[in-house]
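Enquirer: Sequence first, predicted model second:
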Amino acid sequence: MTARVDPYDGPGERGMLVPPHPHTSLQTVSWLFAGEIEHRDSAGSHAMVRPGELNIMTSGPGIAHSEVTLPSAPPLLHGAQLWVALPDAERNTVTPAFSAYADLPVLDLDGARGTVMVGTVGGVTSPAPAYTPLVGADLLLEPGRTVTVPLTPEFEYAVLVVDGSLRVGDLTPAFGEMAYFGTGRDAIELAASSGGARCLLLGGEPFDEQLVMWWNFIGRSHEEVVAARTEWMASIEAGGSDRFPAVAGYVGDPLPAPPLPGTRLKPRPRAR
């Protein structure tokens, strides 16, 4: 799983203008704190991504999508997008799709309140599906409070700071940073500063499959990623393909893939 947290404040400007681009073997999980994004994809989906609504796009073997902030949208864009690798058994058989979940369960803890996006936290379970055991929750901590968050010992976890400041166990991650801790814990303490804090709790069962990742493609070998790039570039020339159909409704050209590096792509290790 990778994460991106993007604050953007540009009154009168476009926060995002990302033309159609491809993905393979993953799910994009989008969660906004502020702003609005128009989503279109090659599976025929057209939706507005808004705060408090979980949006999951499943690529299967291949999908293309665009992400655009409309001129009428609020000026502040702030959110996180997680890339979740699909397991080898399903990644080439799952049908590309997009789904949204607006009514997610609320988690109440002593000193914090949150939304469970995926999986189960403190006995509260999200309806959103996952292809591997995962958990994700948006937690808002009260000023100056120390909160004990229950965990699943078999999972590894990370805490992503999205507002304010807090201490995660013995760590003090800054805004936009992740504090990582491995398996074997049944709880973690989060201590908010006097101004309060907001964070994403992310975790899951350790994913042991070796991934080869380059640009927007996830695969299992150098050859697989090269083939995906070749197919994407061919689909641009042809106006769409079986693997990467055109994104209906988007006005403009798709995003070409950058040149491949002059070396063989290697798997990403779990530890460096």
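Expert: Received it, and whenever you're ready, just let me know what you need.
Enquirer: Could you check how many residues crowd around Ser165?
Expert: 17 (other CB atoms under 10 Å). In this view, the C-beta of every residue, glycine as well, is placed from N, C-alpha and C.
Enquirer: Tell me which stretches of this structure form helices.
Expert: Assignment of helices within the chain using DSSP state H yields the ranges 222-238.
Enquirer: Roughly how far does the residue most central in space within it sit from Trp31?
Expert: Residue closest to the mean C-alpha point of the chain, counted by CA atoms, centre = their mean, is Leu82 at 1.4 Å. Leu82 sits at a distance of 8 Å from Trp31 (criterion: CB to CB, to the nearest Å).
Enquirer: joint contacts of those two?
Expert: Common neighbours of Leu82 and Trp31, counting by CB atoms under 8 Å, 6 or more residues apart in numbering, are Gly136.
Enquirer: Can you report how many residues neighbour the residue nearest to the residue nearest to the centre of the chain when sequence neighbours are not counted?
Expert: In space, Leu82 comes closest to Val29 once its chain neighbours are excluded; the distance is 4.2 Å by CB to CB, 6 or more residues apart in numbering. Val29 has 24 neighbouring residues, counting by other CB under 10 Å.
Enquirer: can you list the domain ranges for this structure.
Expert: What the record gives for the chain is the domain set 1-103+210-272, 106-204, from automatic domain parsing.
Enquirer: starting at the chain centroid, how far to the last one?
Expert: On the basis of CA atoms, centre = their mean, to the nearest Å, domain 106-204 is displaced by 16 Å from the centre of the chain it belongs to.
Enquirer: tell me the mean pLDDT over it?
Expert: If you average the pLDDT over domain 106-204, you get 95.
Enquirer: Could you do the longest one as well?
Expert: Mean per-residue pLDDT for domain 1-103+210-272: 91.
Enquirer: The closest residue to Gly252 other than its chain neighbours: neighbour count?
Expert: Nearest non-adjacent residue to Gly252, counting by CB to CB, 6+ apart: Pro19, 5.6 Å away. Residues contacting Pro19 under the criterion other CB under 10 Å number 17.
Enquirer: Correct me if wrong: the residue nearest to the centre of the chain contacts Leu54.
Expert: No - contact criterion CB atoms under 8 Å: Leu82 and Leu54 do not qualify, at 10.4 Å.
Enquirer: could you list every residue that touches the residue nearest to Gly252?
Expert: If you count contacts by CB under 8 Å, 6+ apart, Pro19 has them with 66, 250, 252-255.
Enquirer: Show me just the buried residues among those residues.
Expert: Listed as buried from the contacts of Pro19 are 66, 250, 254-255; burial here means 16 or more other CB atoms under 10 Å.
Enquirer: can you name the two of those residues that are farthest apart?
Expert: Pairwise distances among the buried ones among the contacts of Pro19 were taken by CB to CB; the largest, 10.8 Å, belongs to Tyr250 and Leu255.
Enquirer: Quick check: neighbours shared by these two?
Expert: Taking CB under 8 Å, 6+ apart as the criterion, Tyr250 and Leu255 both touch 19-20.
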